[in-house]
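Chemist: Pasting the sequence and the predicted model now:
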Amino acid sequence: MSGEPSPAELFRLLDDDCARAILTKTSVRPMSAQTLSTECDASLPTIYRRLNELEECGFVEKRTRPNPDGNHRAEYEATVEHVGIDIVDGDLSVTVTERDAADRFTQVWTDMRGD
């Protein structure tokens, strides 16, 4: 999927239990792929495949979080808040509403401080 995904691509992705679990879990808090593997009861390769597809659709974003030990780890956070489907005069359209960027920034800052 490159560019804006088609409704068929979105439906296919959202039909997947693992992709939906990733979206719902990362809408609460950012998570690493390893944590998602445990939380979703899925293999790490499956988690990474779904994360790649969700990233391509713009449904999750990856960010690097520094750890106190000096290492860094990737975490994923849902960026989508709502997916709507409209059928008007024989045309199907899908609208995606993203979470407010200011709220996501506040969450990043809170996570960094450890609140």
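Modeler: Received, thanks. Numbers count the residues shown, from 1 in each chain.

Chemist: okay, CA-based contacts and neighbour counts for the rest of this
Modeler: Noted.

Chemist: Dihedrals phi and psi, the residue of the chain most remote from its centre?
Modeler: Distance to the chain centre peaks in the chain at residue 89, reaching 31.7 Å (criterion: Cα atoms, centre = their mean). Main-chain torsions, residue 89, degrees, to the nearest 10: phi 50, psi 40.

Chemist: Can you show me the strands along this protein?
Modeler: Counting by DSSP state E, the chain has strands at residues 60-66, 72-78, 80-88, 91-98.

Chemist: hey, which of the ones you listed is tucked in deepest?
Modeler: By mean neighbour count, with neighbours taken as mean count of other Cα atoms under 10 Å, strand 72-78 ranks first of those at a mean of 19.

Chemist: got the contact list for it?
Modeler: By Cα atoms under 8 Å, 6 or more residues apart in numbering, the residues outside strand 72-78 that reach it are 23-24, 26-27, 29-33, 59-67.

Chemist: and with 7 Å instead?
Modeler: Under the contact criterion Cα atoms under 7 Å, 6 or more residues apart in numbering, strand 72-78 has outside partners 23, 26-27, 29-33, 59-66.

Chemist: just stretch 16-26 next, same as before
Modeler: For stretch 16-26, the external contacting residues (Cα under 7 Å, 6+ apart) are 13, 14, 36, 40, 50, 76, 77, 78.

Chemist: so where's the protein shaky on pLDDT?
Modeler: Where the chain drops to pLDDT under 70, the residues are 1-3, 101-115.

Chemist: Okay, the residue farthest from the centre of the chain and residue 83: tell me how far apart.
Modeler: 20 Å (Cα to Cα, to the nearest Å).

Chemist: export stretch 39-46 as CSV, just CAs?
Modeler: Taking Å, rounded to 0.1, in the frame of the first residue of the first chain, the C-alpha atoms of stretch 39-46 are listed here in CSV:
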residue,chain,number,x,y,z
GLU,A,39,-0.5,-8.5,24.5
CYS,A,40,-1.9,-9.8,21.2
ASP,A,41,-0.7,-13.4,21.6
ALA,A,42,1.0,-13.3,18.2
SER,A,43,4.4,-14.0,16.9
LEU,A,44,6.9,-11.1,16.5
PRO,A,45,7.1,-11.6,12.7
THR,A,46,3.3,-11.3,12.5
